[in-house]
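[1] Fold the following and give me the result.
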Amino acid sequence: MTRLRNPASRGMPSGSPVAGPGKPPPPGAGRRTRRRSTGGSFIGTYGLLVLTVAVFALFAVLLPDTFPTGNNFRAILTNQSIPAILALAVAIPIVTGRFDLSIGFGIGLAHVVAMWLLVHTGVPWPLVIAILLVGGLLVGLTNGFLVELARIDSLIATLGTGSILYAFTGWITGGGRIVPGPGGLPPAFTDLSNSSLLGLPVTAWYVLALVLVLWLVLEHLPLGRHLYVVGANPRAADLVGIRRRRVVISAFVGSSVVTAFAGALLAAQQQIGDPSAGNSYLLPAFVGALLGSTTIRPGRANAFGTLIAVAVLAIGLSGLQQLGAAFWITPLFNGLTLLTAVGFAGLAARRRQRAAAVVGVGRQPPAGPPRPSTSDDALSAGRHTAVDETRPTPSKEN
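    Residues are numbered from 1 along each chain as shown. Predicted coordinates for the structure are as follows:
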């Protein structure tokens with residue numbers, strides 16, 4: 001006679017408590033699992049924030065006269081506000097599982113167009129900003145259509161559009177710089193980047209406002225839930241009636257519009273049109289967005305995590321520069337941090353999926369009539385983790 005054996009009990013001594021289908025887990029097993037996961041959950045959620053404080057404390061001890069000062073703090077905020085805005089722009093399509101490589105070329109074109117319009121045409125600066133935002137809208141629509149309608153991979157599509165944007169930048173500038181005349185740029189325009197509010201650079205307030213808006217959209221509005229569902233499981237998004245293409249296109253539009261706004265701030269800050277100025281912003285933006293997905297909401301891009309990631313990068317770079325680090329330390333630091341961020345982001349996503357799978361098994365309801373799935377189920381799944389379609393089912397063996 002063939003005897004069926006529970007696969008989960010293989011390799012366990014006789015009499016070991018095994019939780020099978022319809023059987024409760026051993027007494028205390030849930031508490032032990034929660035105790036083991038508490039430390040890891042805290043580190044995964046707030047570890048980067050703790051690291052930020054530790055790095056700041058380290059440089060404050062090494063450089064007590066120059067680092068923990070108000071002037072250095074304001075300098076960090078001024079210099080890193082535009083990279084922070086670009087990191088938030090990059091995070092929007094990352095939520096949907098896409099990448100926008102055109103942001104470095106986009107900010108370069110936007111600030112060159114702003115300088116050209118202000119210097120050579122005399123267009124009022126509010127109209128210049130409106131033109132930049134409309135241009136960002138068109139670039140985002142182009143990226144979205146190439147990815148969703150032409151079915152081109154987002155890396156290839158945005159790299160191609162970025163190259164086209166860089167070509168337009170060279171065409172406008174002729175390879176040279178756009179320098180304003182003796183009268184300079186309108187003071188109201190330069191104040192967009194060089195003024196202060198409540199003792200802090202005004203650009204820092206732009207970053208904070210953008211973080212709050214992005215947090216509100218991603219965490220509390222239906223559009224944010226749709227973005228997460230599309231990124232977690234496109235098939236589930238289609239099944240519940242989410243217009244996936246429209247959501248992805250909206251993500252690219254949001255990214256490009258924010259990038260265009262950053263280009264206006266760059267023009268107001270530098271007050272010169274440099275055709276190669278945007279090339280150095282691409283890598284730090286991706287480092288901030290990907291590193292930010294490892295904290296606060298590990299495994300998914302989020303606004304506050306991106307802000308913390310940019311903060312730790314800014315503090316680290318500022319400290320290294322004040323210690324007299326060579327010029328090549330900055331790209332080395334960004335490259336190593338990017339590799340680390342990608343690795344930890346993948347690890348956080350896998351841990352999140354495994355945790356969801358364990359919770360799903362532990363909360364398996366008793367056998368009964370099947371319940372039809374609803375859109376709320378899919379939205380919840382997309383908000384927290386991808387639906388695991390490849391989970392193996394227990395099999396019986398002789």
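[2] what sits against residue 98?
    Contacts for residue 98 (CB atoms under 8 Å, 6 or more residues apart in numbering) come out as 147, 154, 248, 251, 252. For the C-beta atoms, the positions are set from N, CA and C on the backbone; glycine is no exception.
[3] my guess is the second one contacts residue 94, does it?
    The one in question is residue 154. No. Contact criterion CB atoms under 8 Å: residue 154 and residue 94 do not qualify, at 9.8 Å.
[4] now the contacts of residue 98 in JSON lines, with neighbour count, pLDDT and secondary structure?
    Compiled in JSON lines, the contacts of residue 98 are given as follows (neighbours: other CB atoms under 10 Å; pLDDT from 0 to 100; DSSP: H, G, I helix; E, B strand; the rest coil):
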{"residue": "147", "neighbour count": "26", "pLDDT": "92", "secondary structure": "helix"}
{"residue": "154", "neighbour count": "22", "pLDDT": "90", "secondary structure": "helix"}
{"residue": "248", "neighbour count": "25", "pLDDT": "92", "secondary structure": "helix"}
{"residue": "251", "neighbour count": "28", "pLDDT": "94", "secondary structure": "helix"}
{"residue": "252", "neighbour count": "29", "pLDDT": "95", "secondary structure": "helix"}
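[5] of those, closest to residue 121?
    Of all the contacts of residue 98, residue 252 has the smallest distance to residue 121: 28.9 Å, by CB to CB.
[6] Helices of the stretch 201-350 of the chain, residue ranges please.
    Taking DSSP state H, counting those that start in this stretch to define them, one finds helices in the stretch 201-350 of the chain at 202-220, 222-232, 234-239, 244-270, 282-292, 303-322, 329-362.
[7] if we compare those helices, which one ends up closest to residue 56?
    Across those (criterion: CB to CB), the nearest stretch is helix 303-322, sitting at 5.2 Å.
[8] what's the closest one packed up against?
    helix 29-62, helix 70-95, helix 202-220, helix 282-292, helix 329-362 (3 or more CB pairs under 8 Å, 6 or more residues apart in numbering; DSSP states H and E).
[9] The third one: which residues count as buried?
    Buried residues in helix 202-220, counting neighbours by 16 or more other CB atoms under 10 Å, are found at 202, 203, 204, 206, 207, 210, 211, 214, 215, 217, 218.
[10] Take these and lay them out in JSON lines including distance to residue 60.
    What follows is these, written out as JSON lines (distance: CB to CB, whole Å):
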{"residue": "202", "distance to residue 60": "26"}
{"residue": "203", "distance to residue 60": "24"}
{"residue": "204", "distance to residue 60": "20"}
{"residue": "206", "distance to residue 60": "27"}
{"residue": "207", "distance to residue 60": "23"}
{"residue": "210", "distance to residue 60": "28"}
{"residue": "211", "distance to residue 60": "25"}
{"residue": "214", "distance to residue 60": "30"}
{"residue": "215", "distance to residue 60": "29"}
{"residue": "217", "distance to residue 60": "35"}
{"residue": "218", "distance to residue 60": "33"}
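[11] Could you work out the most separated pair of the residues you listed?
    Top of the distance list for the buried residues of helix 202-220 (CB to CB): 202 and 218, 24.8 Å.
[12] Out of the contacts of residue 98, flag the one nearest to residue 136.
    Minimum distance to residue 136 across the contacts of residue 98 is 10.2 Å, recorded for residue 252 (CB to CB).
[13] The closest one contacts residue 100, correct?
    Yes. Using CB under 8 Å, residue 252 makes contact with residue 100 at a distance of 6.3 Å.
[14] Quick check: neighbours shared by these two?
    Counting by CB under 8 Å, 6+ apart, the residues touching both residue 252 and residue 100 are 93, 143.
[15] sorry, back to before: of the buried residues of helix 202-220, which is the nearest to residue 141?
    Of the buried residues of helix 202-220, the one sitting nearest to residue 141 (CB to CB) turns out to be residue 217, at 19.0 Å.
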